[in-house]
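When you get a sec, could you give me coordinates for this:
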Amino acid sequence: MEKININEKLNLFSEHWSPKIVGALNGQHVKLAKFQGEFVWHKHEHEDELFYVLDGEFNMEFRDQTINLKTGEFIIVPKNTEHRPVAPKEVSVLLFEPASTLNTGNKKDDTFTKEKQEWI
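Residues are numbered from 1 along each chain as shown. Next up is the predicted model:
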């Protein structure tokens with residue numbers, strides 16, 4: 001068993017849109033990420049995702065609406081739902097999703113897709 005200090009882990013990286021794994025349980029990964037700018041439109045055919053805002057705010061865009069999320073709020077994006085996070089300023093986010101989840105889902109992108117995510 002290991003205690004995880006989220007702020008210490010967030011201080012270990014600065015890149016945007018590159019989730020880092022900080023824990024695992026029951027086939028799920030707990031990840032930390034920093035967002036800034038616009039991500040790619042995508043969906044996950046088989047996985048739900050939870051986005052919890054640790055610091056800052058961002059918009060989760062869907063084709064029919066936009067939901068603003070601020071510090072202390074979270075959203076669960078159901079599987080097969082097209083979405084795109086957009087963060088005008090840097091935001092720190094905790095993600096909870098199945099270990100098999102590719103960050104860009106059904107879209108392979110040279111800039112954003114991270115085939116192998118790093119443990120920190």
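
Could you pull up the contacting residues of the residue nearest the centre of the chain?
For the chain, the residue nearest the mean C-alpha position is L95 (4.7 Å; C-alpha atoms, centre = their mean). Going by C-beta atoms under 8 Å, 6 or more residues apart in numbering, L95 touches 19, 29-33, 49-52. C-beta coordinates here come from the backbone N, C-alpha and C atoms, glycine included.

And it, how close does it get to M1?
L95 sits 22 Å away from M1, going by C-beta to C-beta, to the nearest Å.

For beta bridges, what are the partners of the residue nearest to the centre of the chain?
Judged by DSSP bridges, the bridge partners of L95 are K31, F51.

give me the number of residues near the closest residue to W41 other than its chain neighbours?
Distances taken as C-beta to C-beta, 6 or more residues apart in numbering put R84 closest to W41, at 4.7 Å, once the chain neighbours are dropped. By other C-beta atoms under 10 Å, 16 other residues sit near R84.

Distance of R84 relative to F62?
Distance of R84 to F62, computed by C-beta to C-beta: 8 Å.

How about Q117?
Going from Q117 to F62 by C-beta to C-beta gives 24 Å.

would you list every one of the strands in the chain?
Using DSSP state E, the strands of the chain run over residues 20-25, 28-38, 49-55, 57-62, 66-70, 74-77, 83-98.

could I get the ones you listed as TSV with mean pLDDT?
TSV is the format used below for the strands of the chain (pLDDT from 0 to 100):
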stretch	mean pLDDT
strand 20-25	96
strand 28-38	97
strand 49-55	97
strand 57-62	98
strand 66-70	98
strand 74-77	98
strand 83-98	96
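
how about the ones you listed in a markdown table, adding distance to E8?
Listed next are the strands of the chain as a markdown table, based on distance: least, C-beta to C-beta, whole Å:
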| stretch | distance to E8 |
| --- | --- |
| strand 20-25 | 10 |
| strand 28-38 | 10 |
| strand 49-55 | 13 |
| strand 57-62 | 22 |
| strand 66-70 | 23 |
| strand 74-77 | 21 |
| strand 83-98 | 13 |
